[in-house]
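From the sequence below, what's the structure:
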Amino acid sequence: MNKKILISLALIGVVGVIATGATVSYFTDTESSVGNVFTAGSIDLKIDNHAWFNGGYMEEFSWELDDLTDQLFFNYTDLKPGDWEEDTISIRVDNNPAWICGEITITNNDDMTCTEPEMDDDPTCDEPDADIWDGDLAQELAFIYWVDDGDNVLESDEYFYGPISPGALLPDGSIRFPIADVNYSVAGYDPGTGLGLPIVGLETYYIAKAFCFGDIDIVPVVQDGYSDQMNPGSPQGPGFTCNGALVNNASQSDSLTGDISFTAVQYRNNTDYVCVIVPECEDDEDCDDENACTLDVCDEDNLCQNICLVDDPCDDGNDHTVNDKCTQVGEDCLCKGTLVECISNEECNDYNECTLDICDENGVCQNTCLVGQSCDDGEHYTINDECTQVGEDCFCEGEPVDCIDAGDCNDNDPCTIDTCENNVCVYTPIVCNDQDPCTTDACVDGTCVYTPIVCNDGDPCTTDACVGGECVYTPIVCNDGDPCTTDACVDGTCVYTPIVCDDQNPCTTDACVGGVCIYTPICEGTDIECGCTSCENCNDQDGWVDVGGTYACCQGDYMLCTCQNQEYIDYSCQGTSCVSATTNWRTVGTDCSTCYPYCCDDAQCVPCNY
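Residues are numbered from 1 along each chain as shown. All right, here's what the predicted structure looks like:
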């Protein structure tokens with residue numbers, strides 16, 4: 001393991017001595033600061049590990065926080081397909097924040113021996129020999145790594161990396177990876193910059209690794225929100241499965257050996273540290289920045305160096321510069337020359353018709369104003385345009401006018417005639433008059449509109465008309481020539497209503513004759529003859545009337561009969577109607593039968609009671 005420790009240094013300050021002359025005395029005072037010390041800080045990386053093999057805790061590969069000396073993460077001499085291990089590694093640095101990197105180096109992958117089953121699946125096996133890279137075990141192992149919360153299982157919200165095979169590093173390969181650097185960090189990320197954070201002194205961080213002899217599948221355990229250690233062999237599982245069914249005999253008795261190391265690097269004054277530097281180049285051609293002013297070199301660290309060739313002549317591609325040379329401007333290496341304004345009169349064209357454009361002998365443009373020269377200021381509403389100079393400005397200017405022709409005049413009123421007179425717009429209203437006093441005359445959207453005057457007094461029973469510009473309202477006269485009707489105008493219509501004659505006497509015939517009501521009696525009423533139209537005889541209605549229903553009764557001592565009560569109604573004439581009155585009562589017995597020798601009593605035949 002590499003562990004970088006900053007060795008402590010001490011610097012002791014020395015107090016100087018002030019001497020005075022022997023014959024001259026002065027007032028003096030001395031103040032001293034004694035024992036000033038610098039002490040270098042330190043970074044001390046500690047690692048612990050808890051290992052579980054096939055779900056069983058492995059004491060020999062587990063230890064508490066300590067320096068790495070002779071500890072091993074694994075040392076298995078009888079590995080079988082389907083075997084797996086999970087390790088939870090704790091990382092802590094004392095005192096100071098630090099970046100943490102890890103590195104895995106494969107030191108051999110050897111066949112060791114060649115058994116008969118191994119030879120069947122690996123005919124190239126040839127042991128013993130000097131080749132330590134001819135084994136097959138590295139290719140059959142699969143590793144995964146994840147940021148753990150300290151509970152020994154891969155949970156659903158924990159980031160993992162893999163699976164990867166050590167066989168990918170062969171031969172004699174290694175891989176360096178970040179645990180906490182500016183690009184990736186188990187300690188989290190700065191919310192403002194998104195960059196990785198260092199691990200904090202005296203705080204513990206967890207990473208986990210697992211291997212499978214075979215195929216590994218990720219099946220994370222549901223996050224329980226706790227960091228208490230769990231047994232990866234428990235029913236919830238370690239967060240992955242290991243299947244060795246597809247491993248053949250080629251890796252029998254093979255041996256794989258490797259080193260695992262962790263490095264802590266100070267954070268202060270080293271805030272952009274990365275664990276893995278990606279090579280930029282393999283040769284100088286890879287560093288070509290297409291800049292003629294740089295010397296492009298791939299250095300010994302495979303990083304590009306583009307060195308500015310300051311003051312070397314070059315061509316900046318600008319025809320209007322002279323004395324071009326390479327120049328360093330901040331971090332940029334540029335080809336720059338001295339700029340000249342022009343090399344021909346055409347380049348001095350300021351596109352102003354009122355100037356004479358010339359490139360002088362010093363390469364400077366001269367634009368001279370041609371004051372008083374006729375020009376066109378591009379304005380329609382000006383006349384007598386000529387070149388004018390005001391201060392440093394040279395421009396074409398004319399005298400403003402209201403209009404040039406009638407087409408320039410438009411007040412947007414269609415009821416005016418628009419003309420241009422002496423460069424002034426004149427707008428003359430259109431006059432409308434049809435000489436009819438009973439119309440209202442107006443111009444609407446450029447057209448004369450003559451609207452008849454509407455006379456309406458709101459009375460439908462008048463005839464309304466405009467006469468000489470005045471409204472005249474004449475009543476409508478209604479007369480049907482019938483003296484027995486009332487004549488009137490209603491809502492503009494003549495209504496003839498017959499005169500109604502009614503003396504409220506039903507015994508008269510009522511009629512209008514010549515505008516006069518005539519009432520003629522129908523008949524005279526008596527007790528015998530009563531009414532007005534039928535002259536009804538009321539006495540014809542006299543007689544007996546049944547009252548109620550029939551019932552059983554006794555007639556004498558021995559007769560049982562069906563009896564009916566009746567009343568006599570007597571009708572007489574009263575006014576024009578027949579009225580009645582009850583004048584007598586009786587009981588009539590029918591369907592009689594004898595009870596003899598029994599007696600009739602209470603409407604029943606019963607033995608006589610003598």
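
Any idea how many residues pack against the closest residue to Cys101 other than its chain neighbours?
Of all residues not flanking Cys101 in the chain, Cys275 sits nearest, at 3.7 Å (CB to CB, 6 or more residues apart in numbering). Placement of C-beta: from N, CA and C, glycine included. For Cys275, the neighbour count with other CB atoms under 10 Å is 20.

Cys275 touches Pro178, doesn't it?
Yes: the criterion here is CB atoms under 8 Å, and Cys275 meets it with Pro178 at 4.0 Å.

re earlier: quick one, what contacts the residue nearest to Cys101?
By CB atoms under 8 Å, 6 or more residues apart in numbering, the residues touching Cys275 are Trp99, Cys101, Gly102, Arg176, Phe177, Pro178, Ile179, Asp181.

Show me which of those is closest to Asp602.
The nearest member of the contacts of Cys275 to Asp602, counting by CB to CB, is Ile179 at 126.7 Å.

Which helix or strand contains the closest residue to the closest one other than its chain neighbours?
Nearest residue to Ile179 in three dimensions, chain neighbours excluded: Ile100, at 4.1 Å (CB to CB, 6+ apart). With elements taken from DSSP states H and E, the one containing Ile100 is strand 98-110.

helix or strand right after that strand?
Taking DSSP H and E, what comes next after strand 98-110 is helix 116-121.

Skipping its backbone neighbours, what lies nearest Asn367 in space?
That would be Thr355: by CB to CB, 6+ apart, it lies 4.2 Å from Asn367.

And the one you found, how close does it get to Glu386?
Here the criterion is CB to CB, to the nearest Å. By it, Thr355 lies 14 Å from Glu386.

Pick out whichever of the two has more residues nearby.
Between Thr355 and Glu386, counted using other CB under 10 Å, the more crowded position is Thr355 (19 against 16).

Relative to Ile132, how far out is that one?
The value you get for Thr355 to Ile132, if CB to CB is used, is 88 Å.

Now the helix or strand encompassing Trp52 - C-alpha only, PDB.
Element membership of Trp52 [criterion: DSSP H and E] is strand 44-53. In PDB, the C-alpha atoms belonging to strand 44-53 read as follows (Å, rounded to 0.1, in the frame of the first residue of the first chain):
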ATOM      1  CA  ASP A  44      -2.800   9.300   7.900                       C
ATOM      2  CA  LEU A  45      -5.000   6.800   5.900                       C
ATOM      3  CA  LYS A  46      -6.700   4.000   7.800                       C
ATOM      4  CA  ILE A  47      -8.600   1.000   6.200                       C
ATOM      5  CA  ASP A  48     -10.800  -1.700   7.700                       C
ATOM      6  CA  ASN A  49     -12.600  -4.600   6.000                       C
ATOM      7  CA  HIS A  50     -15.500  -7.000   6.800                       C
ATOM      8  CA  ALA A  51     -15.700 -10.000   4.400                       C
ATOM      9  CA  TRP A  52     -18.500 -12.500   3.800                       C
ATOM     10  CA  PHE A  53     -17.800 -15.600   1.800                       C
END
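
That one vs strand 98-110, what angle?
50 degrees (axes from the mean of the first three to the mean of the last three CA atoms, to 10 degrees).

Check which strands are paired with strand 44-53 and give the direction for each one.
strand 56-66 (antiparallel), strand 84-94 (antiparallel) (DSSP bridges).

what sits up against stretch 45-54?
1, 3, 57-58, 61-68, 71, 73-74, 76, 83-94, 98, 100, 152, 229, 231-233, 238, 262-264.

Quick one, which of those residues are buried?
For the contacts of stretch 45-54, a neighbour count by 16 or more other CB atoms under 10 Å gives the buried set as 58, 61-62, 68, 73-74, 83-93, 98, 100, 152, 231-233, 238, 262-264.

residue ranges of the helices in the chain, please?
Remark: helices assigned in the chain by DSSP state H are 116-121, 137-140.

Export those to CSV and append columns for mean pLDDT and distance to Cys573.
Below are the helices of the chain laid out as CSV (pLDDT from 0 to 100; distance: least, CB to CB, whole Å):
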stretch, mean pLDDT, distance to Cys573
helix 116-121, 87, 143
helix 137-140, 89, 138
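
and among the ones you listed, the most buried is which?
helix 137-140 (a mean of 22; mean count of other CB atoms under 10 Å).

Could you check how far that one is from the centre of its chain?
51 Å (CA atoms, centre = their mean, to the nearest Å).
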